[in-house]
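Peer 1: Pasting the sequence and the predicted coordinates here, then a few questions.
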Amino acid sequence: MTLGDVRPGDTVLVKKVGGGGPVMRRIMDMGITKGCTITVRKVAPLGDPIEVTVRGYELSLRKADATNVTVEEA
Amino acid sequence: MAHTIALAGNPNSGKTSIFNELTGSTQYVGNWPGVTVEKKEGYVKGDKRHIIVDLPGIYSLSPYTLEEVVTRDFLIDGKPDLIINVVDATNLERNLYLTTQLIETGIPVLVALNMFDVIKKNGDLIDTKKLSGLLGCPIVETSAVTRVGLKELVKTAITMVEQAKSGGKPATFSAPVEKTVTSIMHLIEGKVPPETLRWFAIKLYERDEKVMQRLTLSEELHHQVASLVESSETAMDDSAESIITNERYEYLTNLTAKCHKRARQAGSLSTSDRIDRIVTNRFFALPIFFLIMWGIYYIAIQTVGDYFIGGIEWLFGDLIGENLAIGLERIGTSAWLVGLVVDGIIAGVGSVLTFVPQMMILFFFLALMEDVGYMARVAFIMDRIFRKFGLSGKSFIPMLIGTGCTVPAIMASRTIENQRDRRMTVMLTPFIPCGAKLPVFALLVGAFFPHSAWIASSMYLLGIIAVIVSGVILKQTKAFSGDPAPFVMELPAYHIPRLKGVVIHMWDRGKQFIKKAGTIIAVASAVIWMLQSTSWSFQMVETQESILASLGRFIAPLFAPLGFGTWEVAVATITGLLAKETIVATFGIVLGLGNVAEGDPNLLSSIGAYFSPVSAYAFMVFTLFAAPCAAAIGATRREMQSARWTWAAIVFQTGVAYVAALVVFQIGSLLFM
């Protein structure tokens, strides 16, 4: 399962961040790393991007980028 | 020699507020040599021995964004004596992530644990002493809003600089990674300054290309490092960059667990969450956004703005203009010089400055929205739409500012990380009608469509359509094609705005516009006045025989297919390149009416001879899209950092203007004539 598939309100555990290059580095720099928990808060009114809580703050990212993050049920 | 103190921190950490408080009014803005990133410097208040350099707000020291690379280079090459790292205490882990990287540079770090008042209010606990011990750097609890701790921050900083303290404790990684890093450190020992050894070793481990190019290791050494990294990657089953990032956060999770306790249960709602529930709600988000925008424009343009405009017109026209003319004549100044100063420069500059109040009010509200934290939500809401035509939600903010003035709008595009997105935003933002284009529209609507409200509004609609269509088309070109850039953006918690911060922000943007009035427009007005009142043999002549008229006649045929091929209108398009505001003034001058405003009845009736309703609309379309004013072109040049890209933008914009006006006139003529 990827972060893009998670329903709003659900909390998941990050297994791996893939994709490579600037996108992967950016996502990881912002704190989405292996082993951390993420709560998906909501989806933007037009269906994309999504808002998540990670390490105690709110982050938004596009679904397309979120599919690089492999997660499992927390 | 003065000591240099660098100020570094995440965006939204309150770094700028701290900078403003520490330096007072003694700051100045420069650019980093060779790049577009702004550099602010200032002396510590009342102390000329310590310079503070405000580094760009960044999350990491990765090699991927301009801001981060500039910061890295400054820290490694500029060797500041101290880094003050502003850390948002309410977002400790992610802020300390940058701290660990700053410590690795070997430069002494002083942590300003900012927004500490919020921590206390929330009932959270941070054991500052313990944290300080773990990081190996002094920490001062601060609040830029209540100004608590700032004096202590300065005192500690100066003491640290004078005692030449050593750096903090770098983050430690798990044993296998630590071993590889140590091996790399041994390999490059002596090749880099000893205090930066760990920094370079970690960068080599991450396969940081910028650092690899810089170090130019021997072939053999390069291979040795590469094989160390490869075997580490195989052992950890992950990529090197990812390993280091994981390890850093792992270290921080352990570290913060020892000294940070949250009062609020995870999952419970803060006030900020509750606000967010409404303003980014599925159904209410867009209506709320449009309502807010409508309110801002209503206040800025309809009510308060209008009130001020009369005052400024009176100030420049009646008070300064007339009295100066009388005064100059009395001391025996020749008639042409009086004309140049009063009808040329003062009238020109005055006509531009009439927009200042509107613009300031607009910028005030936009700065307020940014400071409160709403702008990030706007980007969040709008990203879906903007991505469709190759831009990101962040492009929306420059476009909003562009309804005021294109110059600060283009400068606001800096927050867009991806270069492709930034270039496209800079190229397309001028299509949004700025305040200076409005009098041109008002004049032509007044003369040709007096009872139609939608003609002027249609300009905004056309501007938006042009942005969308151009975005879609440009995305197909080689320069803009490729995968969309990542949109990974923090949504900062809402907070009560700081009036001082908002006003500084407003002033920073409004200043650009006033500066333009004082420089480019003053010169342009003088030049136009000279050109329209002298002949090629430098004799004073009537406008019809002037240099300007002959230039106009020369290029007028170019505009014939657009429906406005007379020299008078051609001249106005030339002056419009310098500043759109001068178009109305130019009509006044070339039609022999002197200095008139867009509502002048004489101007309204005489302009009827030069346009039909269809060609008037075509002219409005041309004005809307054509290359923006000289100041905006200058800003484009600064942000693009390339003459080629600047020319591409000018040619593209003017090309769109020509084609659009051509289509409007040709089709319009068929339909309505």
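Peer 2: Everything's here; your move. Numbering: from 1, shown residues only, chains lettered A, B, ... in the order given.

Peer 1: near chain A, which residues of the stretch 451-600 of chain B?
Peer 2: B:484, B:486, B:487, B:488, B:489, B:490, B:491, B:492, B:493 (CB under 8 Å from any CB of the partner chain). For the C-beta atoms, the positions are set from N, CA and C on the backbone; glycine is no exception.

Peer 1: tell me, which helix in chain B spans the most residues?
Peer 2: Ranked by residue count under DSSP state H, the longest helix found in chain B is helix B:643-672.

Peer 1: Any buried residues in that helix, and which?
Peer 2: B:645-646, B:648-650, B:652-654, B:656-658, B:660-662, B:664-665, B:668 (16 or more other CB atoms under 10 Å in any protein chain shown).

Peer 1: Which of the residues of the stretch 451-600 of chain B next to chain A sits closest to residue B:577?
Peer 2: residue B:484 (33.7 Å; CB to CB).

Peer 1: Can you name every helix or strand that the longest helix of chain B contacts?
Peer 2: helix B:419-428, helix B:454-476, helix B:613-625, helix B:630-640 (3 or more CB pairs under 8 Å, 6 or more residues apart in numbering or on different chains; DSSP states H and E).

Peer 1: Now residue B:178: which helix or strand?
Peer 2: Per DSSP states H and E: residue B:178 is located in helix B:175-188.

Peer 1: Please apply the same query to residue B:112.
Peer 2: Under the criterion of DSSP H and E, residue B:112 resides in strand B:109-114.

Peer 1: What strands flank that strand, and is each parallel or antiparallel?
Peer 2: strand B:82-88 (parallel), strand B:139-141 (parallel) (DSSP bridges).

Peer 1: pLDDT averaged over the shortest one - what is it?
Peer 2: The pLDDT scores in strand B:139-141 average 96.

Peer 1: Now it: buried residues?
Peer 2: B:139, B:140, B:141.

Peer 1: same thing with the longest one?
Peer 2: Of the residues in strand B:82-88, B:82, B:83, B:84, B:85, B:86, B:87, B:88 count as buried by neighbour count, 16+ other CB under 10 Å.

Peer 1: ok, so of those residues, who is nearest chain A?
Peer 2: residue B:88 (8.8 Å; CB to the nearest CB).

Peer 1: residue contacts, that closest one?
Peer 2: Each residue near residue B:88 by CB atoms under 8 Å, 6 or more residues apart in numbering or on different chains is listed here: B:9, B:10, B:12, B:13, B:14, B:95, B:114, B:115.

Peer 1: Spit out the contact partners of the nearest residue to it once chain neighbours are set aside.
Peer 2: What sits nearest to residue B:88 in space, not counting adjacent residues and going by CB to CB, 6 or more residues apart in numbering or on different chains, is residue B:13, at 4.3 Å. By CB under 8 Å, 6+ apart, the contact list for residue B:13 reads B:57, B:86, B:87, B:88, B:95, B:114, B:115.

Peer 1: helix/strand/coil for residue B:13?
Peer 2: Secondary structure, DSSP: H, G, I helix; E, B strand; the rest coil: residue B:13 is coil.

Peer 1: Distance of it relative to chain A?
Peer 2: 12 Å (CB to the nearest CB, to the nearest Å).

Peer 1: same check, this time on residue B:533
Peer 2: Applying CB to the nearest CB, the value for residue B:533 to chain A is 56 Å.

Peer 1: And for residue B:619?
Peer 2: 36 Å.

Peer 1: now swap in residue B:349 and tell me
Peer 2: From residue B:349 to chain A the distance is 43 Å (CB to the nearest CB).

Peer 1: distance between the strand or helix carrying that residue and the chain's centre?
Peer 2: Counting by DSSP H and E, the element that carries residue B:349 is helix B:347-353. In this view, helix B:347-353 has its centroid 25 Å away from the chain centroid, taken as CA atoms, centre = their mean, to the nearest Å.

Peer 1: So for the next helix or strand after it, what gets flagged as buried?
Peer 2: Toward the C-terminal end, the helix or strand that comes next after helix B:347-353 (DSSP H and E) is helix B:356-372. Using 16+ other CB under 10 Å as the test for burial, helix B:356-372 gives B:356-372.

Peer 1: for stretch B:149-159, same thing?
Peer 2: So for stretch B:149-159, counting by 16+ other CB under 10 Å, buried means B:149, B:150, B:153, B:154, B:156, B:157, B:158.

Peer 1: What strand or helix carries the last one?
Peer 2: Element membership of residue B:158, judged by DSSP H and E, is helix B:150-163.

Peer 1: so that helix versus strand B:82-88, what angle?
Peer 2: 150 degrees (axes from the mean of the first three to the mean of the last three CA atoms, to 10 degrees).

Peer 1: can I have helix B:150-163 written out in CSV, keeping just the CAs?
Peer 2: The C-alpha trace of helix B:150-163 is given here as CSV (Å, rounded to 0.1, in the frame of the first residue of the first chain):
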residue,chain,number,x,y,z
LEU,B,150,16.3,38.5,22.4
LYS,B,151,18.7,40.5,24.5
GLU,B,152,20.1,37.3,26.0
LEU,B,153,20.4,35.9,22.5
VAL,B,154,22.5,38.8,21.4
LYS,B,155,24.6,38.7,24.5
THR,B,156,25.2,35.0,24.2
ALA,B,157,26.1,35.3,20.5
ILE,B,158,28.6,38.0,21.1
THR,B,159,30.2,36.1,24.0
MET,B,160,30.5,33.0,21.8
VAL,B,161,32.1,35.0,18.9
GLU,B,162,34.6,36.6,21.2
GLN,B,163,35.5,33.4,23.0
